[in-house]
Each structure stands twice: as C-alpha cells, then as structure tokens.
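**Student:** turn this into a structure:
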Amino acid sequence: METIQKQDRLKPFILMAQESQMLVNLMDKAKGTQMVPHYHYMKSLISYLRESLDKAEQDLPIIATNFGFPTELLYYFECIPVVMETVSYTIGTATGEYYDIMDNWGHPFHTCTSQKGAMGMILNKLFKFDIVAISSVPCDNAVASYPTFKYLQEKAPEIVIADMPYYRDERSHEFYAEELMRVRDKIGELLGQEANKESFKRAIEIENKNLLMLKEIQELKKAEPCPIDSVFVPTNVNSNVMFRGREERTIFLEEMLKYAKENYEKGIKPVGKENLRTIWPNMTIYFDPLYCDYLDKRGITVLFDVFSYLTADPINLNRPENDIIKQLAWQSMNFPMTRQVQGNADQFIQDNLFLAKEYNANAAIFTNHYACKSLQPMVQLLREALRDELDIPLLSIEVDVGDPRHTSLKTIRREVNNFIKTIFPS
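**Tutor:** Just a heads-up that it's a prediction; the model follows:
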C-alpha cells in the first residue's frame, strides 16, 4: 500500500506508461507499417517513465521544471525531474479535461495550455511536487502561471526561479550563470543533499553525445528528399525536453541517425513523396503529432518547428565546474523558443530565414498559438521577410496547439490544403 501511495505522486506517469506500452505492442504487431520515429520515441519514453516511477517508490523528491530550464542541473541531486509542458501536451490534450479544471478554478483562459494541463492535474491531485525549479522563460504569459502552483497543493512546493535576462551579451551571460548556481545551491539546501558533481558531469557528457548525433541528423535533412519522417520533429522535441541528459535520448537518437543514414543512402523519403518542404516558425500540432504523418502522405515535409533546431555546441568538460555551468547557461539562453522569444524580433526572423534557405524550404506554416503573445506580432514581419528575401509564402493559422477545441484538426487540414492549392496549383 505504501508503494502505491508513493507512486501516486506521479499518477500521470502511470497512465502514460500503460498507454505507451499498449501503443508499442500494437506497433510491434504491425511491423513494416509503424512510424519509425514515433515507435522508437515511445520505447524510450516507457523506459524513462518506469525509472521515474521506480524512483518514486524510493520516495525521492519530485522537482517540476519548465522546458527552458537546463534539466542537466537537476542531476546534481537524487530527484525526479518532471517537465510540465511535456506532461500537459501528452495527457492534457486527450479531452481538455485538465484545461477545463483550471479554467473553472479561475485561472485566465488565455494562458498557455502547455502549463495549464499540468496545473489541472495538480489541482486534481494527480501530481505532488516538492520543488518547482524554472527559468523565467519563454514569455511573461508562461512565467506568470508558475506561482499558481503554490495554491494548488495542500503542501505548497517551494518555487525557485533562475532569472534570465533578455539581452544576449556577456554581462547577461554572467548574470544567468550566477542565477543557475544560486538555484543549484537553493535546491540542495531545500533537499538537504550535497551536490553530486560527477552525476552532473555525466548528464552533460551524455547530452554532448546526443547533440553531436542531432547535428548529424540536421545535416542529413538538407538532402532532397528528406531522409526522415516529419513526425521526427515533435518526437525529437519531446525527447529533448523530457529526457535531456539521459540515456533514453541517446538510444532514440542512435536509432534515428541510423534510420536517416539508411534512407539517405537509398535516396528515399520514408513516407510518401516530397513535393513541398516546409518550416513551421512556431510549433507543430501537439494535440495530434501524427498529423505530421498525414502531411508526409500528401507530399508535404515538415523540416523544423521552433523547438526542433538546435544551435548549441557541446560543453567542454575539461574546464572548471563554474565554467561548465557558464557554458550550460549559454546553451540555455539559446535553447529553441527561448532564443527566439527572449531576444529581439530580428533573431526570430533571421533564424527562420536561415532555416528556409539552408534547407531549401518552399513554404512556411505558422501556427499562431493564441497564448503566444510574443510571437503574434511577428507573423506579418516574417511573412514579408520570407517573401521579399526568398520568395517563400507563409500561411498563418490561429490555433491552440494543445487543444483541438479551439481550431479542429479538420479546419487545420482544410486551411493547409487550400494554401497549398492556391500557391502551388500544380
């Protein structure tokens, strides 16, 4: 009974592990037809969830964090990191139940569903966090939601925030590195644990390897046709955010790199033909990541969304510990979406121009997520930049990428199909 109570602090993980295993079993029975990236992502996800549940049985503390916080820092300690956005968009999208719970509780309806789903689960007593450790990214909309966690649990978790400046100069870099060290020390104090330097460095070492593999996959995606399914975009994003610095991500990327190389050598696109190469300057459709498979079958390749292209370089572990953290801080300041939203509008525009040109895209599809107040003003600026500099059209669709009730998948399909027919009638 005691074990069940301890695991009940992570009830959504129990559900996710069961559903993921059922899906993998079904895909095993349909060998040769499964979406390869999704299949290997699900296998890695199951491993991560089960280990987290095993640690919950050992009564280890649970630390909620956000995607912009460098998860590697939490591996200084014996704990269970939970990235809130991935949980919201893995379970919360099924029925919208947890979004509605928070709306009815009184949380503003216009806030981002990426946090709202996890909040609804906490209010419904499906999670019990000991600490909330986040960076102040990517936007005010999201950051303003985190203090709500203090009011959702009977025993309020401590909230520790690493303040990230908007500028990307040396002074800001130094400040944020100091913030990460302050947060590390505060977490150790709250947990009553000494920081384990070797465990931290091991997570960095693993992520260095992962980053090099991802860069190789990114290079392979320049080939025409693209040698990897479009569903790699959301599965890669989830793996990067959910189990960064872990072996599960290594196993996933090893399989993906092998798969992409095989297809590149054969000169094939694994699903459908490639008639159109697209970038998605914001997010793909997270309430139905398999929409990417639908696009592939219609000849439309999704190359990247805002989260899926990494610019970071590996961290030099031969440097002193504080310098390693400074390197990690720079990676964090240039993490996808953080890099584009925290900085000037020019950074967002230039990054998309680079991707469109470097990967020979011929269309852009902008999911105008209604909670992304920072990106909404950029739609027209980006549309004009892509048109004037690269002669590439952009479609903007107002959506909630985590809730199909805002804009249905049927409507999204119609909008994309009409756009493609209008711009490329042949």
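
**Student:** quick one: pLDDT of residue 32?
**Tutor:** At residue 32, the predicted lDDT confidence score is 59.

**Student:** quick thing: my sequence starts at 57, can you match it?
**Tutor:** That works, and once the first residue is 57, the last one we named lands at residue 88.

**Student:** wait, residue 246 sits on residue 213?
**Tutor:** No: using Cβ atoms under 8 Å, residue 246 makes no contact with residue 213, being 9.4 Å away. Bear in mind the C-beta positions are built from the backbone N, C-alpha and C, glycine included.

**Student:** what residues are shared contacts of the two?
**Tutor:** Shared contacts of residue 246 and residue 213 (Cβ atoms under 8 Å, 6 or more residues apart in numbering): 186-187.

**Student:** low-confidence ranges in the chain?
**Tutor:** For the chain, the stretches with pLDDT under 70 are 57-60, 87-90, 148-151, 482.

**Student:** where is the longest helix in it?
**Tutor:** As assigned by DSSP state H, the longest helix anywhere in the chain is helix 253-276.

**Student:** give me the contact list for it.
**Tutor:** Contacts with helix 253-276, where a contact means Cβ under 8 Å, 6+ apart, come from 127-129, 131-133, 283-284, 288, 292, 296, 300-303, 305-306, 309-310, 312-313, 316-317, 320, 365-366, 368-371, 373, 377, 380, 384.

**Student:** follow-up on the earlier one: show me which of residue 246 and residue 213 is the more surrounded one.
**Tutor:** residue 213 (22 against 17; other Cβ atoms under 10 Å).

**Student:** quick check: residue 420 is in a strand.
**Tutor:** Yes: using DSSP: H, G, I helix; E, B strand; the rest coil, the assignment for residue 420 is a strand.

**Student:** what's the distance between residue 161 and residue 425?
**Tutor:** Distance, residue 161 to residue 425, using Cβ to Cβ, to the nearest Å: 22 Å.

**Student:** with neighbour numbers in mind, choose between the two.
**Tutor:** Using other Cβ under 10 Å as the criterion, residue 161 and residue 425 rank with residue 425 on top: 23 against 13.

**Student:** what sits against the more buried one?
**Tutor:** With contacts defined as Cβ under 8 Å, 6+ apart, residue 425 is in contact with 168, 338-339, 431, 455-457.

**Student:** redo that, cut-off 6 Å
**Tutor:** Going by Cβ atoms under 6 Å, 6 or more residues apart in numbering, residue 425 touches 338, 457.

**Student:** beta partners of it?
**Tutor:** Residue 425 forms beta bridges with residue 455, as assigned by DSSP bridges.

**Student:** excluding chain neighbours, give the residue nearest to residue 392 in space.
**Tutor:** Once flanking residues are discounted, residue 392 sits nearest to residue 363: 4.5 Å by Cβ to Cβ, 6 or more residues apart in numbering.

**Student:** my hunch is that that neighbour is in a helix, does that hold up?
**Tutor:** No: according to three-state DSSP, the state of residue 363 is coil, so it is not within a helix.

**Student:** do I have it right that it meets residue 294?
**Tutor:** No: under the criterion of Cβ atoms under 6 Å, residue 363 is not in contact with residue 294, lying 9.2 Å apart.

**Student:** what distance do you get for the closest residue to residue 118 other than its chain neighbours to residue 268?
**Tutor:** Nearest residue to residue 118, sequence neighbours excluded (Cβ to Cβ, 6+ apart): residue 136, at 4.7 Å. Distance of residue 136 to residue 268, given as Cβ to Cβ: 27 Å.

**Student:** nice, that's everything, thank you.
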